[in-house]
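Asks: I'd like to go over a predicted model; first the sequence, then the structure.
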Amino acid sequence: MNRREWLARSLAGAGALLLGNAARAAKTERPNVLLIIVDDLNSWVGCLGALPGAKTPNTDRLAARGTLFANAHCAAPVCNPSRTALLTGLRPSTTGIYDNAQAPSPPDHLAKRVVLLPQHFKNNGYVVLGAGKVPGHSTGRCAWDESFDLPDRASPPKEQLPLNNSGKIDWGPFPDTREQMSDWQLAGWASDELGKRRDAPFFLAVGIVKPHLPWYVPKEYFDRISSGDVALPPLAPDDIKDIPAAARRDETRGSKALLAKRAEACTAYLAACAFADDCVGRVLDALESGPNRDDTVVVLCGDNGFQMGEKNIWGKGQLWEESTHVPLMIVTPGGGEGRRCARPVSLLDLYPTLVEMCGLPEAPGLEGACLAPLLSDPDAQWDHAAVSTTGFRNHAVRTERWRYIRYADDSEELYDHDADPREWTNLASQPQYASTIADLRRWLPAHDAPRNPDVDKAKKET
């Protein structure tokens, strides 16, 4: 049975079993899609087990209903290129979209000329709905049939800032209730949409902003997370001793002041994650209690990781595990429950996967791999690696065992996750790993598109 046959049989069979009529089963062959993207959500969610003390019960219950991809990675470890890759199905090295400063793209840029993921669904009969932070800067607004823009209320009054004098990384109790928070309101809008019956299938994308900086959330979420109950991952005091110069460009970014407050900062991040998880829960509750529960594919992912002091970095944008590793889970109608997949996958894979699952015509030129075989069998053979890119010609390759990094100046890093899951020892200079590096290099992009200077010009003129 090929992938399309498996998907059609699984979805149609589930629809017939649950709904008991042929017309409803036919609709299930083209299921609805609920895509939830959580900004800066790293691997600190309960279901991944990376950090005891993380409180994400709603994300965890979603993972228990479907397939959790425990080795999933973003195509780029910052918002704009990551979301641009997800929505276009193209690597940063193909589009030339490498960073957050590239906004807006010129109208003739590749990222504007391809058919974006929601648009492909719209072109094939879906109602497309968008809420919150979904597109990358460079892709602009999608052609939503209906959308919800975030309210402005997202920070305490300016006269109260900063709350912790920690530079760009700041945190503290938000003075309002959660009902006044932007993310809570967009979750409410999405919940209302999920309660509607529609003649056509829908594609609903929900972009939750927290735990993006600053970590301002209501006090009740800080009260949920006790710093004494959080077992923070250890840091190696000499973790940057063996990394190349190309990787050291941001090593002093707020590191000394924040390392002294690491427990407090991590608690604040987890509080923001707990708030985002409650927003996720509000959306899931609406789906599960509404008319679309049994014919909706649900996807939840973070858009990039976030480093909490590892290698002296606070933030994102690097090519190490903490910056690229993201939660990813997919729930399919009639699919297997509580499955965990260790194969290396990319957010770039979502475009072809959703197209396949919903029986849409293939979109040309996509660079991701369809995840259908792994949804059927999480241990299926998988001859793919996850590639992440930051800036021009800087790439990381992640397999089940290895992380290989090559920078634009051809310097390298290699980490063995079987022996060194925290990536403390760079093996790239050791001769016995030459053949391993040679094999991993085959996953590097064959071509690196230049960073389009017109993008910067467009930004200055807006």
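Replies: Thanks, I have the structure now. Being a predicted model, the structure only gives us computed values, none of them experimental.
Asks: Mind checking what helix or strand follows the longest helix that the chain contains in sequence?
Replies: In the chain, with assignment by DSSP state H, the single longest helix is helix 262-289. Helices and strands here follow DSSP states H and E; after helix 262-289, the next one along the chain is strand 296-302.
Asks: Which secondary structure elements does whatever helix or strand comes next after that following strand sit against?
Replies: As assigned by DSSP H and E, the chain's next helix or strand after strand 296-302 is strand 307-308. Counting contacts by 3 or more Cβ pairs under 8 Å, 6 or more residues apart in numbering; DSSP states H and E, strand 307-308 is packed against helix 262-289, strand 314-315, helix 321-324. (Glycine included, C-beta is placed from N, CA and C.)
Asks: List the contacts of strand 307-308.
Replies: Residues from elsewhere that reach strand 307-308, judged by Cβ atoms under 8 Å, 6 or more residues apart in numbering: 42, 232-233, 262, 265-266, 269, 313-316, 318, 320, 322-323.
Asks: Type out the ChimeraX command that picks the buried ones from these.
Replies: In ChimeraX, a selection of the buried entries from these looks like this (16 or more other Cβ atoms under 10 Å):
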select :42,232,262,265,266,269,313,314,315,316,318,320,322,323
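Asks: Now do stretch 324-334: distance to the chain's middle.
Replies: Here stretch 324-334 is found 10 Å from its chain centre; the criterion is Cα atoms, centre = their mean, to the nearest Å.
Asks: what distance separates the start and the end of it?
Replies: From its first residue to its last, stretch 324-334 covers 30 Å (Cα to Cα, to the nearest Å).
Asks: What average pLDDT does it get?
Replies: Summarised as a single mean, pLDDT over stretch 324-334 is 95.
Asks: hmm, back to that, of the helices and strands packed on strand 307-308, which stretch is the most buried?
Replies: helix 321-324 (a mean of 26; mean count of other Cβ atoms under 10 Å).
Asks: what comes into contact with the helix or strand following that helix?
Replies: Remark: after helix 321-324, the chain's next helix or strand is strand 325-326, criterion DSSP H and E. Residues from elsewhere that reach strand 325-326 (Cβ under 8 Å, 6+ apart): 41-43, 71-74, 301-305, 347.
Asks: Dump those residues to CSV, plus distance to residue 388 and pLDDT.
Replies: CSV is the format used below for the contacts of strand 325-326 (distance: Cβ to Cβ, whole Å; pLDDT from 0 to 100):
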residue, distance to residue 388, pLDDT
41, 16, 98
42, 13, 97
43, 14, 96
71, 12, 98
72, 11, 98
73, 5, 98
74, 6, 98
301, 14, 98
302, 13, 98
303, 12, 98
304, 9, 98
305, 9, 97
347, 10, 98
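Asks: closest to residue 49 among those residues?
Replies: Of all the contacts of strand 325-326, residue 49 sits closest to residue 43, with 9.0 Å by Cβ to Cβ.
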